[in-house]
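Undergrad: Can you look at this prediction? I've put the sequence above it.
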Amino acid sequence: MDRLGSRCPLPGYLRPSVLICLLILAASFLSYPVLRTLSLQLHSAITGSYVSGTYSIVFVNCPNEQIARDIARAILDKKLAASVNILPKASSLYFWNGEIEEATEILLLIKTKTSKVRMLFSYIRLVHPFEIPEVFSLPMDQGDARYLKWLEEGTGED
């Protein structure tokens, strides 16, 4: 009986080897996004190919052209983006406080690194006059290699 007790763990206790396996498995799941990003960047650097999603386009509606220009210049000054297009007179219809509203707005198309999108969102919320500014991003799937290199240079370091 003494030999059987030494081979079987007490109920409720995990063997050290099982615990180590669980820790390795948890660490693998938690580090996967970082490892994937690093491997894609390494692949991109070696092959010179573009990794989809490295850059994003951020959309922001502004109430008038002056505010749009002020926000665009500030974003560029802070190196949060490499380029901003200002598209005039977008007609917008939307729900606000339970009513359908209609307005003419100015649309900003902001080209930046995906890694800078969160900082860009925070800055826009800080300076934008709307209570809830329309700000969202879409990852770039493909692009001209020379343009993407210029975009990289224009946004500086992270």
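TA: On my side now, so go ahead. Treat the numbers as computed from the prediction; the structure is a model and nothing was measured.
Undergrad: Every contact and neighbour count from this point should use C-alpha atoms.
TA: Fine.
Undergrad: for this structure, what spans make up the strands?
TA: 55-62, 83-96, 99-113, 135-139 (DSSP state E).
Undergrad: Check which helices and strands the first one is in contact with.
TA: Identification of packing neighbours for strand 55-62 by 3 or more CA pairs under 8 Å, 6 or more residues apart in numbering; DSSP states H and E yields strand 99-113, strand 135-139.
Undergrad: quick one: average confidence on it?
TA: Strand 55-62 shows a mean pLDDT of 96.
Undergrad: who's in contact with Leu80?
TA: Thr112, Lys116, Met119, Leu120, Thr155 (CA atoms under 8 Å, 6 or more residues apart in numbering).
Undergrad: Tell me how far it lies from Pro129.
TA: 19 Å (CA to CA, to the nearest Å).
Undergrad: Repeat that for Ala26.
TA: Distance from Ala26 to Pro129, by CA to CA: 44 Å.
Undergrad: which one of the helices and strands packed on strand 55-62 lies closest to Ile124?
TA: strand 135-139 (8.0 Å; CA to CA).
Undergrad: list the buried ones in stretch 138-155?
TA: Residues of stretch 138-155 classed as buried: Pro139, Met140, Leu148, Leu151, Glu152, Gly154, Thr155 (neighbour count, 16 or more other CA atoms under 10 Å).
Undergrad: low-scoring stretches of this protein, by residue?
TA: Within the chain, the segments meeting pLDDT under 70 span 1-15, 32-38, 40-45, 47-50, 158.
Undergrad: ranges for the helices of it?
TA: With DSSP state H, the ranges of helices along the chain come out as 2-7, 16-47, 65-77, 117-127, 145-155.
Undergrad: Buried only: go through the contacts of Leu80 for me.
TA: Thr112, Lys116, Leu120, Thr155.
Undergrad: among those, which two are most distant?
TA: Leu120 and Thr155 (11.6 Å).
Undergrad: Relative to Ser28, how far out is Ser56?
TA: Counting by CA to CA, the gap from Ser56 to Ser28 is 28 Å.
Undergrad: Between these two, which is the more surrounded one?
TA: Higher neighbour count among Ser56 and Ser28: Ser56, with 23 against 12, using other CA atoms under 10 Å.
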